[in-house]
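Novice: requesting a structural model of the entry that follows:
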Amino acid sequence: MSVHEGENPQAVAEIESLKLAVCAEVDRIAPQLLHASHEIHAHPEFNFQEHFAHDLLTDMLDQAGLSPQRHAYGLDTAFESRVGDTGPDVAVLCEYDALPGIGHACGHNIIATAGLGAGLAAAVVAGRARGRLRIMGTPAEEGGGGKIEMARNGAFQGLDAAMMVHPADADLIRMDAIAVQQADVQFNGKAAHAAAAPQEGRNALDAAVLSYMNVAALRQHILPTERIHGIFRTGGDKPNIVPAEATMQWMVRSQTIASLQPLKQRVLACFEGGAMACGCTTSTVWDNVTYADMIDNGPMVQSYVANAASLGRTVENPVVLGKRVVGSTDMGNISYLVPSIHPMIQVAPDGVAIHTLDFARWAASPQGDRAVLDGAKAMAMTVIDLWCQTGLIEAVQTSFGERPKGVEVL
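Specialist: I've put the predicted structure just below:
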C-alpha cells in the first residue's frame, strides 16, 4: 500500500487499514463479481436495452443491502445506490452496453463489475471513513450518451469526484478521448428510368458519393487529432432506377468539444456541395448528444496510479509510452461537470485493439477476470484516498478549476 506524504503516522495507518479492508472485501466477493462479468459478456445488449445487466447488477446491490434505485434519472436501464451522509461524495460508474456484431469488444462487462466491486467494497467502510458514495449504472455509452441524458436529469449534481476504469491492451493513466458527434444525412433527388429517360433523373446516390469524396479531400486538410468517418446506409433499390434517395451516417471528431463545432461546418459544406452538383437536396440531423473530450483530474490520477502500483500494475502515461488509445466517451462530458478519471486497465496483450472480436474474447479471459478484481481494488482504494487523505479533495478541486469554462456539454 502507498504511504501518503504529509499525513501523520496514525492517519496513514488508518488509511492503510481501510485499504486492506476494501481489498479483502473485493477478494471475498470475487466469485460473484466474476460470475456477473461472464454473464454480462454472454448476454450482450445494446444502447438503452441493457435489461439483463441492469437487473443482474441491481440484484447484487440489493443482496448487499444497498437498496438501489432502479430505472434511475428517467432511463429504464440506469441505476444508482447511495451510501453515507457526510464527507466527500464520490461516484463509481458502471457501463454495460455492448456493440452490434462484436458483443463486448469494448469490455464493458469488466467496467460494470469492476465498478460494482469497487462500490460494494467501499460501501463496507464508508461509515468508518466518513465518506459518501454513489454506485451509478450508466447505460448506452456506445453512441447513446446515457451519462449525458442522466446529467440532464440531475444525476451528477453535488458530486466531489467520479471514476471508472476502461479495458485496453495496456495500463494507461488515460484514454485520448476526443469530442465526437454523429449525424444522419439524407439526399433527395428524382427517380427516373435509367435507360429510357436518364435525363429526367436526379441521382441521390451520386450526390452521396460525391459528398463522400468531398470529405475524403477534406481529410487532407484537417488536424492530425481530428477524424471524419462515415458509411452509406441506403442508395437505391434497383440499378435501372435512378435513386431518388440515399442516406449516410457520419461521425465527426475533434480534439475538444469547442474545436468540433467549426469542423462540423466544414463537413456540412461537403454534403451540400455534393447535393448541389447533382441537382439534389440534402438534410443533416445531428444526434442530440455530443461527446466531449475527457479532462482527467491530475491529483485523482496520481492516487489511482499509486494504488494500482500496490497491486503490481504499472500505469503508464501514453505520451511517454508512445501508445495512444484514441476514442470518444460520454465520460468526457462528466469530466467537465465533476472531477473525473478514466484510466485504462490492461486486459489483452499489447496490440489487441478494442472494438475487435479478439478483444471481446480477452474480455472474458483470466486476464479480464484479473482486471475486474484489480480495477475494483484500485478504485476502492482511490475512493479511500479521496475520503481520508488530507488535502486531496482540495487539490482535486483546484485542478478541476483549471478546466475550460463556458463550454456547453449538455
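
Novice: give me the domain ranges for this structure.
Specialist: The record's domain parsing of the chain by automatic domain parsing lists 9-176+293-400, 179-286.

Novice: could the ones you listed go into TSV alongside mean neighbour count, distance to V407 and mean pLDDT?
Specialist: Bear in mind the C-beta positions are built from the backbone N, C-alpha and C, glycine included. Shown next, in TSV, are the domains of the chain (neighbours: other CB atoms under 10 Å; distance: least, CB to CB, whole Å; pLDDT from 0 to 100):
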stretch	mean neighbour count	distance to V407	mean pLDDT
domain 9-176+293-400	21	6	97
domain 179-286	17	6	97
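
Novice: L410 is nearest to which of the ones you listed?
Specialist: The closest of the domains of the chain to L410 is domain 9-176+293-400. By CB to CB, the value is 5.4 Å.

Novice: end to end, how far does the closest one reach?
Specialist: Start and end residues of domain 9-176+293-400 are separated by 29 Å (CA to CA, to the nearest Å).

Novice: G279 versus I341, what's the distance?
Specialist: 52 Å (CB to CB, to the nearest Å).

Novice: same question, L210
Specialist: 12 Å.

Novice: so which residues of the protein form helices?
Specialist: 9-28, 30-42, 51-63, 108-129, 146-152, 204-218, 257-277, 298-309, 318-321, 331-337, 357-362, 366-388, 392-400 (DSSP state H).

Novice: gap between the residue nearest the centre of the chain and V320?
Specialist: In the chain, the centroid-proximal residue (CA atoms, centre = their mean) is T329; its distance is 3.6 Å. According to CB to CB, T329 and V320 sit 22 Å apart.

Novice: picking that back up, now tabulate the domains of the chain in TSV and tack on distance to V409.
Specialist: Shown next, in TSV, are the domains of the chain (distance: least, CB to CB, whole Å):
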stretch	distance to V409
domain 9-176+293-400	4
domain 179-286	6
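
Novice: hang on, the earlier thing: who does the nearest residue to the residue nearest to the centre of the chain once chain neighbours are set aside bridge with?
Specialist: Once flanking residues are discounted, T329 sits nearest to A177: 5.0 Å by CB to CB, 6 or more residues apart in numbering. A177 has the following beta-bridge partners by DSSP bridges: G327.

Novice: could you tell me how many residues sit around A177?
Specialist: 24 (other CB atoms under 10 Å).

Novice: what sits against it?
Specialist: Contact partners of A177, counting by CB atoms under 8 Å, 6 or more residues apart in numbering, are 291, 293-294, 327-329, 331-332, 342.

Novice: do the same with L260
Specialist: Per CB under 8 Å, 6+ apart, neighbours of L260: 179-181, 252-254, 290.

Novice: looking at those, which is nearest R403?
Specialist: Closest to R403, out of all of those and judged by CB to CB, is A179, at 13.9 Å.

Novice: was I right to think that closest one contacts R253?
Specialist: Yes - contact criterion CB atoms under 8 Å: A179 and R253 qualify, at 6.5 Å.

Novice: shared neighbours, these two?
Specialist: What both A179 and R253 touch, as defined by CB under 8 Å, 6+ apart, is the set 260, 328.

Novice: so how far is D358 from V347?
Specialist: 11 Å.

Novice: give me phi/psi at the residue lying farthest from the centre of the chain?
Specialist: Relative to the centre of the chain, the most outlying C-alpha is that of A196, 52.3 Å out, by CA atoms, centre = their mean. Main-chain torsions, A196, degrees, to the nearest 10: phi -80, psi -40.

Novice: gap between it and R202?
Specialist: As for A196, its distance to R202 is 16 Å (criterion: CB to CB).

Novice: then S81?
Specialist: Separation of S81 from R202 (CB to CB): 57 Å.

Novice: check D350 too.
Specialist: Counting by CB to CB, the gap from D350 to R202 is 51 Å.

Novice: ditto for Q63
Specialist: 62 Å.

Novice: likewise for E25?
Specialist: For E25, the distance to R202 - CB to CB - is 66 Å.

Novice: and L159, by the same measure?
Specialist: 53 Å.

Novice: equivalent analysis for Y304, please.
Specialist: Applying CB to CB to Y304 and R202 gives a distance of 57 Å.

Novice: so where do the strands sit in the stretch 151-300 of the chain?
Specialist: In the stretch 151-300 of the chain, strands defined by DSSP state E, counting those that start in this stretch lie at 161-163, 166-168, 176-177, 179-188, 227-234, 245-254, 281-286, listed in chain order.

Novice: of those strands, which approaches F400 most closely?
Specialist: F400 sits nearest to strand 161-163 of all the strands of the stretch 151-300 of the chain, at 8.9 Å, using CB to CB.

Novice: gap between that closest one and the chain center?
Specialist: Relative to its parent chain, strand 161-163 has a centroid offset of 13 Å by CA atoms, centre = their mean, to the nearest Å.

Novice: residues in contact with that strand?
Specialist: With CB under 8 Å, 6+ apart, strand 161-163 has contacts from 88-93, 156, 297, 300, 304, 334-335, 338-342, 379, 382-383, 386, 393, 396.

Novice: so what are the sheet partners of that strand and their directions?
Specialist: Counting by DSSP bridges, strand 161-163 is paired with strand 89-94 (parallel), strand 340-341 (parallel).

Novice: okay, these in JSON lines with distance to T77 next?
Specialist: Shown next, in JSON lines, are those (distance: least, CB to CB, whole Å):
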{"stretch": "strand 89-94", "distance to T77": "11"}
{"stretch": "strand 340-341", "distance to T77": "22"}
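
Novice: to L223, which of the ones you listed lies closest?
Specialist: strand 340-341 (24.6 Å).

Novice: for R370, see how far away the residue farthest from the centre of the chain is.
Specialist: 67 Å.

Novice: equivalent analysis for M344, please.
Specialist: Counting by CB to CB, the gap from M344 to R370 is 14 Å.

Novice: surely L116 touches L34?
Specialist: No - the pair L116 and L34 does not pass the contact test of CB under 8 Å, sitting 11.4 Å apart.

Novice: which ones are touching G298?
Specialist: S399 are the contacts of G298 under CB under 8 Å, 6+ apart.
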